[in-house]
Structure formats: C-alpha cells, structure tokens
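Novice: compute the structure for the input listed below.
(one chain, ligands or ions: 2)
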Amino acid sequence: MENLSERHEEKFIFLETFGCQMNENDSDRMLGFLKDIKYTRTDRPENADLIIINTCSIRDKAEQKVYSTLGRFRELKKERPWLIIGVSGCVAQQEGAALLKRAPYLDIVLGPHNIHKLKGYLNEVSLERKRVVSTELYDSIEFGEYSYTPVQTGIKAFVSIMRGCNNFCSYCIVPYTRGREVSRQVSDIVEEVVRLARSGVKEVTLIGQNVNSYGGGGLEFPGLLREVARVACIERVRFITSHPKDISEELIYLFKYEPKLCRHIHLPAQSGSDEILKRMRRGYSIEEYRAKVEKIKGLYPDFAITTDIIVGFPGESDLDFERTMELIESVRFDNIFSFMYSPRPKTKAAVMDGHVPLEIRSERLRILQEKQRDITLKRSLELAGKKVEVLVEGRSKGSGLEISGRTSCNRIVNFPGPEDLTGCLAEVVITDVFPNSLRGELVKPFGRNNLN
Ligand code: 5AD
Ligand code: SF4
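Specialist: Numbers count the residues shown, from 1 in each chain. Ligands and ions are numbered 1, 2, ... in the order given. Prediction:
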C-alpha cells in the first residue's frame, strides 16, 4: 500500500463528533496531535485521507447510528484506497473488535484513553496494513496524553481536568466506557490553559464527569479554579459537570471573590422524586438538592442554573413524574436538558423492574419540555432592558450585520457592531427576547466592567 507521507505533504482529516464536551475535547486533542504530522481538517469526506467518527453511547441507538454513518464512507475507500477510517469514543470502547467484524472497511477502533496513540496507529495501518483495536482503560494518566498542539478553534476551548467516573449512577454507561475517575495534575492543566491563551482563547470551560471531586496535585476543585483564573488573557472560566452531592460551600462562595468565574452552574437533578433518585443511586434527596439551589439563588440572584432530567426511569410513576414537574416549576431553571430514559448495556437500571412504555416516556418528555420552554422564555424576558457583559465570538450566524456572543450566564446575544470586537468583552443592553437568543445594543466595548 502507498505510504501516506510519500504521497503528498498535506493530508486531510474529516472528523465527525457526537456527544458531550468530553468528546469535543477528545476531538480537539486528535486534531492537535495530527497537526504535528500535517493533517488539516476538511468538511468534505470525499477529500479526506483519514475519516474519524468520534462516537457517544450515552443514549439509545448509538451503535446503529455509527454503522449507518460508516456506511456512507465505505464507497469512498474504493476510490481512495489509502483512505483510513477510524471510530473513536464510547461506542469504540463499548463494541471493541466487534466493530471491525461488522465493518470490514474499518481500520482503527480507538477508545477514549488511547487518543494520544493515534499518530502511531496511522503508521501501523498505512505501512504495515494492520487493523487496530485500542481499548485499554488505564487507572492513571499517561505521559503525553495532553501534550498536543492546540488547533486554533476560536476564542473558547474545553479543557479536560479529569476523566472517568466512580459514581455508577444506575442508568449510566460512562463508568464502563471512560473508566475510573482520575484527575490531571494542576500544573499540567494550567500549562494547557496558558498554551490555549497564547493561541487566542479567552474563555475556558473545565470539564469532567464530576468536577467537584477533582483532586490532582494537592488541590481540590476550588483551588484549581483559582489557579486557572489567574492565567493572563483568560477572561472567563466555566466548568461542567457539578454533581449535586459533591458541590461544596467553598465552591459556592468562590463566586463572590473570583470575577472571571461565569455566573452559571449546571447541576443535574435527574428527577424530582426521592424514590427515583434512590433507584438512580444519585446520593442525594430532593430536599438536599433544593437546599443547595436555594443557597446559590439566595447569594446570587443573577445566576443561571441549568439541569439534566431523565423521564421514564424504570419504576417512575405518574406521581414521581409530577414531583419532577414540581421541581422544575419551583426552581425555574434557566434551561434544562431532558432525555427519555434509555437502557444501556452493563448498567443496573437496564435489568430493573418497571420499565416505562415508550409512549409514556415520550409523552412525559413532551410535557416537561413544553413547560420548560415557557419557563426559559419568562426567565429571558426578565433580562429585557438590563445591561449584560458579552464575550464577542464573531459575526452572528443569523444576520451578517450583527455580531454575536454569550453572557456570563451563557445566553446568546446578537447585536449590531464591528467584527473586530471578536474576543473582547462588551457591555450590551438587552432590547429583544427570543426563545433561544437575545438581541441588544452595544453600550461600550472593551474592558472588564463591574456588571456581574
Ligand atoms: N438514559 C437517558 N439519559 C441518560 N443520561 C445518562 N444516561 C442516560 C440514559 N441511560 C443523561 C443524564 C446525564 C446526561 C449527560 O445524559 O441526564 O446527566
Ligand atoms: Fe454517569 Fe452518574 Fe458519573 Fe454522571 S455522575 S457520568 S450520570 S455515573
């Protein structure tokens, strides 16, 4: 087979990413590692020398989706015999060698702990005509896993601070696909943030399945946040995901003293019913959850609080669902991400009694989402006439005449203004409210203001 490096200097990768921020970050790392061997991203698979599908298996039909996506690329290999096709992410981890069997044209199956080995595998495939399955899970972070060259992606970036999860919520596949929890060292993380800041990033989001249990190099999560906020040229710091059982008073109070911390917290409740929370193995009661939310709202009335909800978990009765509705009506979350329960391989919930029929699950989801749409709109209307701080991300997608950015609370704001404000903080007054975005007028550009 032809040697890729001899064929031409520049090579193209087509990369499709499904799922969560962890996967987005793994994709960024892949692109970064590949940049060193002169791969450039393309949005046209027919031009690609390498195609990778970075998969998610958190909810249903993930595997089927992968096979149908792969099918689209099968023909391309006939025209471009040197084309390498890989599957990475949670479906790769879950299915392993079975993927190679079902898709004979697939070359690489790459689990989430092995992203940094991709460069080596490309050689094995192109020079030695091997097919590779790399799905080992490790209890520690290997040297070099995060030493990638950032690929300029704009002014925002995700930084992974830990991986894996030890919680084993009964519905969740993550502990099986991403392994046990392990934290990166503070110094490593800060170095990565500095590299990103040098490449123009202004906002970092620290990501982990359960950031509140971070513990790397002697610092807990609030300590790490302080260190990251200290990095020059980084204007904003966000983090996801917080587990309600682990969020500490120290973290809650940190927002008082750390102006770069964005005023938004994502706190997945999953259900409003104690009975269901127990069956989910979430480790908190709904009273405990509410107490934490009330504390945050009491201290910071301007804060955005968002959550995840699963409807139709096994054993969820009409009354349990009503409790969830009561929760979202009383807390008035700024937004929720809501899902129908879907049984996942290996999980405890998949073999529980009381599976809820699809029609009921989908009806509950519809009711929940309709209610939340109304709440989200009303919460947005409360912002009309107010001044907010926007980090400008560039030209607005909808209207070529406007620029667009997000508030500290993570709401999208479009407003007329020059494109060269990109990467700057601007003070904007909100004039119009739409279901998924806000519109405003520029008050003053540049500089951190004292609006929170
Ligand atoms: N079914 C439905 N939703 C799920 N989530 C995780 N596992 C499942 C599942 N088996 C949801 C949870 C989690 C979010 C990332 O995905 O709400 O917080
Ligand atoms: Fe899954 Fe629960 Fe871990 Fe979140 S905390 S990743 S829901 S097991």
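
Novice: ok, now which ones touch the residue in the stretch 351-452 of the chain that ligand 1 sits nearest to?
Specialist: For the stretch 351-452 of the chain and ligand 1, the shortest gap (CB to the nearest ligand atom) falls at residue 361, measuring 9.6 Å. Where C-beta positions appear, they are placed from N, C-alpha and C, glycine not excepted. Contacts for residue 361 (CB atoms under 8 Å, 6 or more residues apart in numbering) come out as 311, 312, 340, 341.

Novice: which of these are buried? Put it as a ChimeraX command.
Specialist: Only the buried entries of these go into this ChimeraX selection, using 16 or more other CB atoms under 10 Å:
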select :311,312,340,341
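
Novice: relative to ligand 1, which of the contacts of residue 361 is nearest.
Specialist: Distance to ligand 1 across the contacts of residue 361 (CB to the nearest ligand atom) is lowest for residue 341, with 4.7 Å.

Novice: and that closest one, what does it touch?
Specialist: Contacts of residue 341 (CB under 8 Å, 6+ apart): 171, 310, 311, 312, 313, 314, 316, 349, 356, 361.

Novice: and the strand or helix carrying residue 71, what does it pack onto?
Specialist: Assigned by DSSP states H and E, residue 71 falls within helix 62-79. Applying 3 or more CB pairs under 8 Å, 6 or more residues apart in numbering; DSSP states H and E, we find helix 62-79 packed against strand 50-55, strand 84-89, helix 90-95.

Novice: show me what from the chain comes close to ligand 2.
Specialist: 165, 167, 168, 169, 172, 174, 175, 209, 210, 243 (CB under 6 Å from any ligand atom).

Novice: and those residues, which are buried?
Specialist: Those of the residues of the chain next to ligand 2 that meet the buried threshold are 165, 167, 169, 172, 174, 175, 209, 210, 243, by 16+ other CB under 10 Å.

Novice: the fifth one and residue 426, how far apart?
Specialist: Going back to what we said before, that points to residue 174. Using CB to CB, to the nearest Å, residue 174 is found at 37 Å from residue 426.

Novice: what's in contact with the helix or strand hosting residue 133?
Specialist: Under the criterion of DSSP H and E, residue 133 resides in strand 132-134. Strand 132-134 has contacts (CB under 8 Å, 6+ apart) with 96-97, 99-100, 107-111, 114, 117, 121, 124-125.

Novice: now intersect those with the strands, please.
Specialist: Using DSSP state E, the members of the contacts of strand 132-134 that fall within strands are 108, 109, 110.

Novice: hmm, back to that, any of the contacts of residue 341 buried? List them.
Specialist: By neighbour count, with 16+ other CB under 10 Å, the contacts of residue 341 hold 171, 310, 311, 312, 313, 314, 316, 349, 356, 361 as buried.

Novice: tell me the contacts of the closest residue to the last one other than its chain neighbours?
Specialist: What it means is residue 361. Spatial nearest neighbour of residue 361, excluding adjacent residues (CB to CB, 6 or more residues apart in numbering): residue 312 at 3.1 Å. If a contact means CB under 8 Å, 6+ apart, then residue 312 has 340, 341, 356, 360, 361, 364, 365 as its contacts.

Novice: contacts only, for residue 173.
Specialist: Contacts of residue 173 by CB under 8 Å, 6+ apart are 57, 58, 90, 94, 344, 345, 346, 347.

Novice: please check these and keep the buried ones.
Specialist: Taking 16+ other CB under 10 Å as the criterion, what is buried in these is 57, 58, 90, 94, 344, 347.

Novice: test my guess that the second one contacts residue 19.
Specialist: Spelled out, it's residue 58. Yes - between residue 58 and residue 19 there is a contact under CB atoms under 8 Å: 6.5 Å.
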